[in-house]
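Trainee: sequence and computational prediction follow.
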Amino acid sequence: MEGHVSPGEYKDVVLFLATAGVIVPLFRRWRISPILGFLGAGVVLGPFGLGALSGAFPWLGYFTIANPDEIAQLAEFGVVFLLFMIGLELSWERLRLMRRWVFGMGALQVGLCLAAIALAAMAFGLDVAPAAAIGAALALSSTAVVMQILTEHKRQHSPAGRATFSVLLFQDLAVAPILVTLAILGRGGGEDAVFSPRLLLAFAPAALGVMILVAFGRLLLRPMLKSVARAKSEELFMAACLLVVIGAGLVSALTGLSMALGAFIAGLLLAETEYRHEVEVTIEPFKGLLLGLFFLSVGIGLDLSLLAAKPWAILGMSVGVVALNATVVFGLGRLFGLPWRGALEAGLLLAGGGEFAYVILSAAMGDGIVPRPLGQMVLVSSTISMMCIPLLAALGLKLGGRKTGGQGLAAEPAAPPAADPGHAEAPKVLVVGYGRVGKLVGDMLHRHDIAWVAAERDPKLVEAARHAGEAIYFGDASRPEFLRRCGLETAPALVVTMDSPEGVEAIVATARAMRPDLTIVARARDARQAQRLYELGATDAVPETVEASLQLSEAVLVEIGVPMGLIIASIHERRDEFRKALNRPEALGGRVRRYRRAQEN
């Protein structure tokens, strides 16, 4: 018997997908941040938007999110996946070299902003505990919104972007101690309990959780992914990636840390493995959708009725917090050596509220530390300031003398020394396929001191090359995003050595579409496939049968006594005849050569 399906059960999912599929593309076309599209859609579709009018107009209920709490619970995974991707782009070594910025500028920002907001709250008559809770909530910025903006504008590797990320990272690390402290205060320990040994004991599970994640991650992650990769199933690899992200988050949550921090640690552990880029490509769609859901849930939480009842108090609080955070970050940025434009950009990016304000204030209200009416006001104020972050970021880029589009953003004049590990990698020749042919190509590049990186689908070959100290990654190079993450956009050349004709053709076509000016040298099985590769855009195609014939001819001519100079000249002449015959003028390879000549002229 078929089960009964109620369309209303899927209404929220349909509304979210409609938002992602219709509204966000429109915002991109209008050159407006899609974050604002999701936030605005959340306000409209939430219970305080169209939902408030559904009583008078029942048909509006079809366009209202019915279960905002369920949406918010799922939306938390957006931040979890974002932190995991950030961890993948770092490494333990880079994090160690960034310690001055993370534990210096980050710690000072949290401490100064928390203290200033708490003192302002006490001046309005609050006790120390609720004032400190509100200060902690409003001192933290939005990792989800800010990192998404930095990625969209390709600013994550600028000095301002690295400093901003360092502060955000310390803020994420500070969430667990803040929540533990609030829990102790909520149990009736009072302010004196904060300075007691009980607080240190309360942190023990969190420290144990970090050690468990690091130990098990180092022991199990690489073997698990290697086993899954050998199965050669994209579905299994995707399932393994999701298991790593969600599993690390749950272990972290069970020990008192945030799920996002656990996912970040898992990303750090995978960043130094050969599976890094393939994991990034696999997780990216989930991160994008769940982050969109997160921004939608933030907009849903904006209580317009409370804003209408106390507009000046809430807006004044939002403006005050934005001004305070921006000023503190700007001053710290200058103190730590950022140029004034970079410090201003970082200050405006970090000025708004963050997603952890919901976590902290919900815990504080649940424990009775912050009165619920006041907590709701602070949450609305934090939401408004968070919604202003895309506008503040655009203002920061404009004041810094750069365009607000994602392309062509100028680099800062100088980078902070301690943040240098976050710089983009130098251009490297990309070798796809690391069997016997690819290994020989890599060896020849080594001999000429040319930097290179390889990609390979066979996990055994990847593991062997890794043990030999080579820079090689597991993954499918026919996917544009994987090639991009391997550095194709800056690579001086691409060498495709795979023995699969279909695979070589797919990679050549994809790479040529991404880079019209790229030098592409591809391995071909025979003359017919070489001609096909020239048509797809290969700069040069090397057919195995032709090269074998030429080498046999060279060997026999040497043995029968023909002078070496004549042999070499004739071999080169015959090879050029093959190339001219195969690379027809109407083929894409010929157009690439004409493109280069036009660029040179």
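Mentor: Happy to help now that I have it.
Trainee: using the three-state scheme, assign R155.
Mentor: coil (DSSP: H, G, I helix; E, B strand; the rest coil).
Trainee: where's the nearest residue to it once chain neighbours are set aside relative to V167, distance?
Mentor: Leaving out its chain neighbours, the residue that sits closest to R155 by CB to CB, 6 or more residues apart in numbering is G161, at 4.4 Å. Placement of C-beta: from N, CA and C, glycine included. Noted for G161: a distance of 11 Å to V167, by CB to CB, to the nearest Å.
Trainee: likewise for A160?
Mentor: According to CB to CB, A160 stands 11 Å off from V167.
Trainee: what ranges of the stretch 301-450 of the chain fall below the confidence cut-off?
Mentor: Applying pLDDT under 70 to the stretch 301-450 of the chain flags the ranges 400-426.
Trainee: next, name the residue at the spatial heart of this protein.
Mentor: Residue closest to the average C-alpha location in the chain (CA atoms, centre = their mean): M85, at 4.4 Å.
Trainee: list the contacts of that one.
Mentor: By CB atoms under 8 Å, 6 or more residues apart in numbering, the residues touching M85 are 267, 280, 283-284, 287.
Trainee: let's see if you can find the most crowded of the residues you listed.
Mentor: Counting neighbours by other CB atoms under 10 Å, the top entry in the contacts of M85 is G267, with 28 neighbours.
Trainee: correct me if wrong: it contacts S91.
Mentor: No. G267 lies out of contact with S91 (CB atoms under 8 Å); the separation is 9.8 Å.
Trainee: can I get stretch 223-239 in CSV, CA atoms only?
Mentor: Extracted C-alpha coordinates of stretch 223-239, given in CSV (Å, rounded to 0.1, in the frame of the first residue of the first chain):
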residue,chain,number,x,y,z
PRO,A,223,43.7,5.0,5.7
MET,A,224,39.9,5.4,5.5
LEU,A,225,39.9,7.7,2.5
LYS,A,226,42.5,5.5,0.8
SER,A,227,40.3,2.4,1.3
VAL,A,228,37.3,4.3,-0.1
ALA,A,229,39.3,5.7,-3.1
ARG,A,230,40.3,2.1,-4.1
ALA,A,231,36.6,1.3,-4.5
LYS,A,232,36.6,3.9,-7.3
SER,A,233,33.0,5.0,-6.4
GLU,A,234,32.2,8.7,-6.3
GLU,A,235,29.1,7.9,-4.1
LEU,A,236,31.2,6.1,-1.5
PHE,A,237,33.8,8.9,-1.5
MET,A,238,31.1,11.5,-1.0
ALA,A,239,29.6,9.5,1.9
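Trainee: got the buried residues for that stretch?
Mentor: Neighbour-count burial for stretch 223-239, counted by 16 or more other CB atoms under 10 Å, picks out 225-226, 228-229, 237-238.
Trainee: and those residues as a markdown table, adding pLDDT?
Mentor: Formatted as a markdown table, the buried residues of stretch 223-239 follow (pLDDT from 0 to 100):
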| residue | pLDDT |
| --- | --- |
| L225 | 90 |
| K226 | 88 |
| V228 | 90 |
| A229 | 89 |
| F237 | 91 |
| M238 | 91 |
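Trainee: give me the subset of those lying in helices.
Mentor: Among the buried residues of stretch 223-239, the members found in helices (DSSP state H) are 225-226, 228-229, 237-238.
Trainee: tell me the one among those residues nearest to A541.
Mentor: Closest to A541 out of these is A229 (29.3 Å), distances taken as CB to CB.
Trainee: nearest residue to the closest one other than its sequence neighbours?
Mentor: Spatial nearest neighbour of A229, excluding adjacent residues (CB to CB, 6+ apart): P459 at 4.0 Å.
Trainee: what distance do you get for the one you found to A364?
Mentor: Going from P459 to A364 by CB to CB gives 48 Å.
Trainee: so for those two, which sits in the more crowded spot?
Mentor: Set side by side, P459 and A364 show more neighbours around A364, with 29 against 19, by other CB under 10 Å.
Trainee: need the pLDDT of D540.
Mentor: Looking at D540, its pLDDT reads 86.
Trainee: tell me where the stretch 351-500 of the chain has strands.
Mentor: Taking DSSP state E, counting those that start in this stretch, the strands of the stretch 351-500 of the chain run over residues 429-432, 452-456, 472-474, 493-496.
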